[in-house]
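Visitor: Could you work out the structure for the sequence below:
(one chain, ligands or ions: 1)
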Amino acid sequence: MWQQEIGGVPVRDLAQQFGTPLYVYDEQLILQRIQDLAQFEVVRYAQKACSNIAILRLVQQQGVVVDAVSAGELLRAQAAGFVLGPHDPANKLAKDGSAADPHHQVVYTADIFDSEALDLVAKYGVHCNLGSPDMINQLGERCPGARVTLRINPGFGHGHSQKTNTGGAQSKHGIWHEQVPDCLQRAARFGIKVSGLHMHIGSGTDMEHLSQVCGALEKVATQVGPSLTTISAGGGLPTPYRSDDTRINLDDYFQLWDATRRRLQDQFGHPLLLEVEPGRYLVAESGYLITEIRTIKEMGSNRFYLVDAGFNNLARPILYGAYHPMAIATQEGKAGPANVPTQPVVVGGPLCESGDIFTQTEGGFVQHRDLPVAKVGDWLVIQCAGAYGHAMSSNYNSKPLAAEVLIHQGKPCLIRSRQDLRQIFADEQIPATLLN
Ligand code: LLP
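Guide: Okay, the predicted model is just below:
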């Protein structure tokens, strides 16, 4: 109901010092979530969830490696201090003549190569996780003899929304499981060695579906054979968004994968690295979007709290009907009583589009949320917003991207300045003939 502090720092101070809308990440929560996954030898953070270079640096310091899905994400990872590949000047291991880091600090995972990404991959020798058969030829022509991972679509998938289900015949992701023999032949033509196998069936899925992936991967691994040195369980670990959501049992999850890995090790006669590739699990709960209530108004029987953040800042509700918990921080800086009067409200943003509502279900159906009676100038804190929050924001309605703050060692540190309004159109230009 109330949230007066984030990571020990008053919301009022954060809002007054940095302005709103403002994303704030509590470092301690990210560190805890990384710790939860300690059993996995390789935790590969799917940086698309929240790719600020300070967050990347933070996870790197904990021994976490990253996944990159674009040229931009490759360069972000490098800017944060990750080594892109064996030809990266920062890669001292490779310079010593010893084997390149088997953990591949950065893996490029995608279903296509665009020209920027392929150029970077070739320049730095980035390890690739190939999601389409054509990528094998495209990489083979530029980098014959490379080692690659194949991302396999096992023929089934599951997600919190149909839009985040990445398996099955309706999904564009991965190499169809029946095409593995053809892909191995393609690889052989270019001297490409398949050293990794990866499956990611969707985001916000559940244990039942996640556990089916082990069997599917094992089957394909047997087809690929002992060239494999790494298997990846993909991401998709769910995060509790609602108070009655339970946390996934990571011990059980690890045991399932470890057993799969051991059976394959016995079959191949050599060790296999086991990777897990979470995005949301590491950062969702750490992130808060602080907004200011700018008007409270009645529309028939509905009461609206309209805040200064919209779906330009957090798109998950309009895209997926996603539920985010919310709380109020008062101007006075004091939490109200536990039995404060609440009222059912609709929470919306400033954008000129009626779908700009944070309390909606998939399909655009407006919902009410019981929130404390608040006043204009109080802050509404949207919780569990660290994953796919800022990372999916836009300049719609010519709104600037929000600032980001990390509560680092107990102190708020600005990790992205609020975008300057003129930057929004700085890359646009008027043809000379229109200027006459
Ligand atoms: N690995 C691969 C290959 C992926 O495509 C993804 C997510 C992940 C890992 C991380 O998934 P996670 O652990 O975060 O569930 N915008 C949506 C989620 C899209 C996820 C896309 N791929 C949302 O806000 O729910």
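Visitor: give me every residue that touches whichever residue of the stretch 251-400 of the chain sits closest to the ligand.
Guide: The stretch 251-400 of the chain approaches the ligand most closely through Gly279 (2.7 Å), counting by C-beta to the nearest ligand atom. C-beta: built from backbone N, CA, C; applies to glycine. Counting by C-beta atoms under 8 Å, 6 or more residues apart in numbering, Gly279 makes contact with Tyr45, Ala46, Gln47, Lys48, Ala49, Cys50, Ser203, Gly235, Ala387, Tyr388.
Visitor: Go through these and flag which are in strands.
Guide: The strands in this structure, assigned by DSSP state E, contain Tyr45, Ala46 from the contacts of Gly279.
Visitor: Can you tell me which residues in the stretch 101-250 of the chain are near the ligand?
Guide: Proximity of the stretch 101-250 of the chain to the ligand is confined to Thr109, Thr164, Thr166, His200, Ser203, Gly204, Gly234, Gly235, Gly236, Leu237 under the rule C-beta under 6 Å from any ligand atom.
Visitor: how about 5 Å then?
Guide: Applying C-beta under 5 Å from any ligand atom, one finds that the stretch 101-250 of the chain approaches the ligand through Thr164, His200, Ser203, Gly235, Gly236.
Visitor: Highest neighbour count among the residues you listed?
Guide: The residue in these with the most neighbours, by other C-beta atoms under 10 Å, is Gly236 (32 neighbours).
Visitor: for that residue, phi and psi?
Guide: Torsion angles at Gly236 (phi, psi; degrees, to the nearest 10) stand at phi 90, psi 0.
Visitor: What pLDDT is listed against it?
Guide: pLDDT for Gly236: 94.
Visitor: Just give me how far stretch 323-332 sits from the chain centre.
Guide: Here the centre of mass of C-alpha atoms in stretch 323-332, compared against the chain's by C-alpha atoms, centre = their mean, to the nearest Å, lies 24 Å away.
Visitor: List the buried residues for that stretch?
Guide: Of the residues in stretch 323-332, those buried by neighbour count under the rule 16 or more other C-beta atoms under 10 Å are Tyr323, His324, Pro325, Met326, Ala327, Ile328, Ala329, Thr330.
Visitor: Quick check: buried residues in stretch 261-278?
Guide: Within stretch 261-278, the residues that qualify as buried by neighbour count (16+ other C-beta under 10 Å) are Arg261, Leu264, Phe268, Leu272, Leu273, Leu274, Glu275, Val276, Glu277, Pro278.
Visitor: My guess is the third one contacts Thr230. True?
Guide: No: in this structure Phe268 lies outside contact range of Thr230 using C-beta atoms under 8 Å: 11.8 Å.
Visitor: Of the buried residues of stretch 261-278, which is the nearest to Pro226?
Guide: Nearest to Pro226, judged by C-beta to C-beta, of the buried residues of stretch 261-278 is Phe268 at 4.0 Å.
Visitor: Now do the contacts for that closest one.
Guide: Listed by C-beta under 8 Å, 6+ apart, the contact partners of Phe268 are Gly225, Pro226, Leu228.
Visitor: same thing but 7 Å
Guide: Residues in contact with Phe268 (C-beta atoms under 7 Å, 6 or more residues apart in numbering) are Pro226, Leu228.
Visitor: Backbone dihedrals for it, please?
Guide: Reported as degrees, to the nearest 10, the phi and psi values for Phe268 are phi -90, psi -20.
Visitor: what about it, distance to Ser227?
Guide: Distance, Phe268 to Ser227, using C-beta to C-beta, to the nearest Å: 9 Å.
Visitor: For beta bridges, what are the partners of the residue of the stretch 1-150 of the chain found nearest the ligand?
Guide: Of all residues in the stretch 1-150 of the chain, the one sitting closest to the ligand is Ala46 (3.5 Å; C-beta to the nearest ligand atom). With beta bridges defined as DSSP bridges, Ala46 has these partners: Asp67.
Visitor: hang on, isn't it packed against Gly235?
Guide: Yes: when contacts are counted by C-beta atoms under 7 Å, Ala46 is listed as touching Gly235 (4.9 Å).
Visitor: Find the residues that touch each one of these two.
Guide: Residues touching both Ala46 and Gly235 comprise Glu277, Pro278, Gly279, with contact defined as C-beta under 7 Å, 6+ apart.
Visitor: As a markdown table, the residues you listed with pLDDT, distance to Ile248 and secondary structure would be great.
Guide: As requested, the shared contacts of Ala46 and Gly235 are arranged in a markdown table below (pLDDT from 0 to 100; distance: C-beta to C-beta, whole Å; DSSP: H, G, I helix; E, B strand; the rest coil):
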| residue | pLDDT | distance to Ile248 | secondary structure |
| --- | --- | --- | --- |
| Glu277 | 97 | 15 | coil |
| Pro278 | 97 | 10 | coil |
| Gly279 | 98 | 14 | coil |
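Visitor: got a list of what the residue lying closest to Leu37 once chain neighbours are set aside touches?
Guide: Spatial nearest neighbour of Leu37, excluding adjacent residues (C-beta to C-beta, 6 or more residues apart in numbering): Val43 at 5.0 Å. For Val43, the residues meeting the contact criterion (C-beta under 7 Å, 6+ apart) are Ile34, Leu37, Val64, Val276.
Visitor: can you count the residues close to the third one?
Guide: Residue neighbour count, defined by other C-beta under 10 Å, stands at 20 for Val64.
Visitor: Please apply the same query to the first one.
Guide: Number of residues near Ile34 (other C-beta under 10 Å) recorded here: 20.
Visitor: So the helix or strand harbouring it, near the ligand or not?
Guide: Assigning secondary structure by DSSP states H and E places Ile34 in helix 27-36. No: with C-beta under 5 Å from any ligand atom as the measure, helix 27-36 is seen stopping short of the ligand, the closest distance being 11.1 Å.
Visitor: Can you name the residues in contact with that helix?
Guide: Defining contact as C-beta under 7 Å, 6+ apart, one finds that helix 27-36 is touched by 7, 43, 58-59, 62, 64, 250, 281-283, 285-286, 406-408.
Visitor: ok, 8 Å please
Guide: The set of residues that contact helix 27-36 without belonging to it, under C-beta under 8 Å, 6+ apart, is 7, 43, 55, 58-59, 62, 64, 250, 281-283, 285-286, 386, 406-409.
Visitor: Just the residues you listed: which are in helices?
Guide: Of the contacts of helix 27-36, the ones assigned to helices by DSSP state H are Ile55, Leu58, Val59, Leu250, Tyr281, Leu282, Val283.
Visitor: would TSV of the residues you listed with pLDDT and neighbour count be doable?
Guide: Listed next are these as TSV, based on pLDDT from 0 to 100; neighbours: other C-beta atoms under 10 Å:
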residue	pLDDT	neighbour count
Ile55	98	27
Leu58	98	23
Val59	98	23
Leu250	95	17
Tyr281	97	26
Leu282	98	32
Val283	98	31
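Visitor: ok, so of the residues you listed, who is nearest Ala374?
Guide: Proximity to Ala374 was ranked across the ones in helices among the contacts of helix 27-36 by C-beta to C-beta; first place goes to Val283, at 27.4 Å.
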